[in-house]
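**Student:** dropping a prediction and its sequence here:
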Amino acid sequence: MQNFQDLTQHEVEALKHKYNFADAHTHQSQSPSQLEIIRKLPELWLEAEKTQQETLNNKFIDTFYQMRGLSAALKPNNIMLYYAASIATIHIANYLLKKRLSVSLIEPCFDNLYEILSHLAIPLSPLKEELLHDADKIYENLKTHVKSDAIFIVDPNNPTGFTLLGQKNKKAFEHVVQFCKDYDKILIVDYCFANFLMNDEEIELYDTYKVLKESGIKYMAIEDTGKTWPIQDAKIAMLKVSDNLYEEMYSIYTAYILNVSPFILNFLTEYLLDSQKCQFDSTKNILNTNRKILEETFRGTILTPYPPKGKVSVAWCEIKEPDLKATELQKILYEEGVYVLPGTYFFWYNHDRGEKYIRIALARDTDNFTEGMSLIKNILDRLDKNFSAQRAAVQHLSLSGG
């Protein structure tokens, strides 16, 4: 197995495998209502040809933010569109470089955020996720640990599912915003997994952009479509920034992008409307089914799924066997035809902290997912027996004085 340098290199390799549970992109089949959209693709193409770009931009943006209950983001509607969320992150990194600003980046997170910022030599320091876990301590924790110019968080976090979204967490989010206001910090939020919280019975969402706007802080917020719908990466990402940052951010934006594809805007809007109509069932049902399969399959094994605050499209699993590292387990699974991600790279500042975890993507057809989880369980059971036998042998030698 090659010595990969980051998570995306792992994911590229995983694309060659039948049991690929590495990347969090959507690899499940279309729902019945989504198949109807596929049948309309020629019609949507011709419609996009005849429609002005601004009309398609506005229809997509309005549909997305209204669907999410984020109407405050549309006042004003100065949202910038991208081919992918990583391009929006590069845009942000260019601004940070231009202004010579430093960043406290949440840890763990998907390491492409670290990679993009570090390749542009942005000074980085880790912001441990656990500093945000207790709402009553968040402000003091940030005051003690954040010495940078900007805070960069992922909400819900990838890989853990930790979130500050929802009415129950509003106080915690407001503490983060208040800290940024009091100490003149830019707040950067990656909301790429936030779509998964729609219609979640346990999370009552509210308009976070209203809180951001009324606070007067400088902020940048990325939204995405690529992790939610089975669109074969024909996706659109968005960036909303505070009014006091927009002019300078827009001047950087136009150095990169004229417009995104009018066709993709048109057909993605159909997916948004479909999810609105079915209350996100086409997305939620397969993830909930696969999450339940994973939890039931691994029950009693040396791998325990971490209970997420937000039910996103990945499972963060803790290795309970003290003598087994994530890098070792990932390699063993790879050699037996199953690809998952080791937790090491998510802890971009200290890889060793991730040796207790692996991440498993859930957005797969259930037949494929069930087979893959069964293979993993068989391997886990075999490893558990081997470790138990080794410990028994050591104990026997110790008792016999050998």
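**Tutor:** Now that the structure is in, tell me what you want to look at.
**Student:** strands of the stretch 101-250 of the chain, start to end?
**Tutor:** Using DSSP state E, counting those that start in this stretch, the strands of the stretch 101-250 of the chain run over 103-107, 124-128, 150-154, 186-190, 219-224, 237-241.
**Student:** between the ones you listed, which one is closest to Phe280.
**Tutor:** Among the strands of the stretch 101-250 of the chain, the nearest to Phe280 by Cβ to Cβ is strand 219-224 (15.2 Å). C-betas here are computed from N, CA, C, even on glycine.
**Student:** ok so, going back, now the strands of the stretch 101-250 of the chain in TSV, with mean pLDDT, mean neighbour count and distance to Gln28?
**Tutor:** TSV is the format used below for the strands of the stretch 101-250 of the chain (pLDDT from 0 to 100; neighbours: other Cβ atoms under 10 Å; distance: least, Cβ to Cβ, whole Å):
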stretch	mean pLDDT	mean neighbour count	distance to Gln28
strand 103-107	98	24	28
strand 124-128	98	18	33
strand 150-154	98	23	23
strand 186-190	98	24	23
strand 219-224	98	24	17
strand 237-241	98	23	20
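**Student:** between those, which gets nearest to Thr26?
**Tutor:** It is, among the strands of the stretch 101-250 of the chain and with distance given as Cβ to Cβ, strand 219-224, at 11.4 Å.
**Student:** circling back to that earlier point, Gln178: which of the strands of the stretch 101-250 of the chain is closest?
**Tutor:** Using Cβ to Cβ, these put strand 186-190 closest to Gln178, at 10.7 Å.
**Student:** pairing partners for that closest one, with directions?
**Tutor:** Using DSSP bridges, the strands paired with strand 186-190 in its sheet are strand 150-154 (parallel), strand 219-224 (parallel).
**Student:** count of residues packed around the residue lying closest to Glu115 once chain neighbours are set aside?
**Tutor:** With sequence-adjacent residues excluded and distances taken as Cβ to Cβ, 6 or more residues apart in numbering, Glu115 is closest to Asp6, at 5.7 Å. The local packing of Asp6 (other Cβ atoms under 10 Å) involves 14 other residues.
**Student:** TSV for the strands paired with strand 186-190, including distance to Leu101?
**Tutor:** Below are the strands paired with strand 186-190 laid out as TSV (distance: least, Cβ to Cβ, whole Å):
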stretch	distance to Leu101
strand 150-154	6
strand 219-224	12
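**Student:** residue contacts, the closest residue to Tyr253 other than its chain neighbours?
**Tutor:** Closest residue to Tyr253 apart from its sequence neighbours, by Cβ to Cβ, 6+ apart: Met80 at 5.1 Å. Shown in contact with Met80 (Cβ atoms under 8 Å, 6 or more residues apart in numbering): Ala88, His91, Met238, Leu239, Lys240, Val241, Met249, Tyr250, Tyr253, Ile257.
**Student:** what about Met80, distance to Ile106?
**Tutor:** Per Cβ to Cβ, to the nearest Å, Met80 is found 23 Å from Ile106.
**Student:** next, the distance between the ends of stretch 225-240.
**Tutor:** Stretch 225-240 has an end-to-end distance of 15 Å (criterion: Cα to Cα, to the nearest Å).
**Student:** for that stretch, the distance to its chain's centre please.
**Tutor:** Centroid displacement of stretch 225-240 relative to its chain, using Cα atoms, centre = their mean, to the nearest Å, is 12 Å.
**Student:** quick one on the thing from earlier: quick one: which of the strands paired with strand 186-190 is nearest Ile358?
**Tutor:** The closest of these to Ile358 is strand 150-154. By Cβ to Cβ, the value is 18.5 Å.
**Student:** orientation of the closest one relative to strand 103-107 in degrees?
**Tutor:** Angle of strand 150-154 versus strand 103-107, following axes from the mean of the first three to the mean of the last three Cα atoms, to 10 degrees, is 20 degrees.
**Student:** remind me which residues of this structure are low pLDDT?
**Tutor:** For the chain, residues meeting the criterion pLDDT under 70 lie at 1, 393-402.
**Student:** chain neighbours aside, what residue packs nearest to the most centrally placed residue in it?
**Tutor:** For the chain, the residue nearest the mean C-alpha position is Asn158 (4.0 Å; Cα atoms, centre = their mean). Sequence neighbours aside, Phe110 is the residue nearest to Asn158 in space, at 5.0 Å (criterion: Cβ to Cβ, 6+ apart).
**Student:** now render the strands of the stretch 101-250 of the chain as JSON lines, adding distance to Val312.
**Tutor:** Formatted as JSON lines, the strands of the stretch 101-250 of the chain follow (distance: least, Cβ to Cβ, whole Å):
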{"stretch": "strand 103-107", "distance to Val312": "15"}
{"stretch": "strand 124-128", "distance to Val312": "19"}
{"stretch": "strand 150-154", "distance to Val312": "10"}
{"stretch": "strand 186-190", "distance to Val312": "12"}
{"stretch": "strand 219-224", "distance to Val312": "12"}
{"stretch": "strand 237-241", "distance to Val312": "17"}
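**Student:** cool, thanks, signing off.
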